[in-house]
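> model this:
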Amino acid sequence: MSKPKVTNYTIEFKKSSAKLAVESKDPVLQTAKELGVHVTHPTWVGKKILP
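This next block holds a predicted model:
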């Protein structure tokens with residue numbers, strides 16, 4: 001069985017997607033799905049990557 005592919009996102013992408021999630025009326029996980037990112041996206045929001 002192979003390991004899952006790990007994707008590293010730039011800090012700029014993390015900031016912009018976290019901002020989008022916070023400003024959106026949609027749930028964070030829905031925003032993550034729409035952006036094509038994995039479940040780590042809510043962690044970016046929780047870690048306050050936003051300035």
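> Keeping just the C-alphas, turn the longest helix along the chain into PDB.
The single longest helix within the chain, with elements called by DSSP state H, is helix 11-23. Extracted in PDB, the C-alpha atoms of helix 11-23 (Å, rounded to 0.1, in the frame of the first residue of the first chain):
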ATOM      1  CA  ILE A  11       2.000  30.600   3.400                       C
ATOM      2  CA  GLU A  12       0.300  33.000   1.000                       C
ATOM      3  CA  PHE A  13      -2.200  30.300  -0.100                       C
ATOM      4  CA  LYS A  14      -2.900  29.400   3.500                       C
ATOM      5  CA  LYS A  15      -3.500  33.000   4.400                       C
ATOM      6  CA  SER A  16      -5.800  33.700   1.500                       C
ATOM      7  CA  SER A  17      -7.800  30.500   2.000                       C
ATOM      8  CA  ALA A  18      -8.100  31.000   5.700                       C
ATOM      9  CA  LYS A  19      -9.300  34.500   5.100                       C
ATOM     10  CA  LEU A  20     -11.900  33.200   2.600                       C
ATOM     11  CA  ALA A  21     -13.100  30.700   5.100                       C
ATOM     12  CA  VAL A  22     -13.500  33.200   7.800                       C
ATOM     13  CA  GLU A  23     -15.300  35.800   5.600                       C
END
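> List the buried residues in that helix.
14, 17-18, 20-21 (16 or more other CB atoms under 10 Å). Bear in mind the C-beta positions are built from the backbone N, C-alpha and C, glycine included.
> Mind picking the one among these that's closest to Gly36?
Ser17 (10.0 Å; CB to CB).
> Tell me the spacing between the nearest residue to the closest one once chain neighbours are set aside and Lys5.
Leaving aside its sequence neighbours, Ser17 sits nearest to Leu35 (CB to CB, 6 or more residues apart in numbering; 5.4 Å). Taken as CB to CB, to the nearest Å, the spacing of Leu35 relative to Lys5 amounts to 16 Å.
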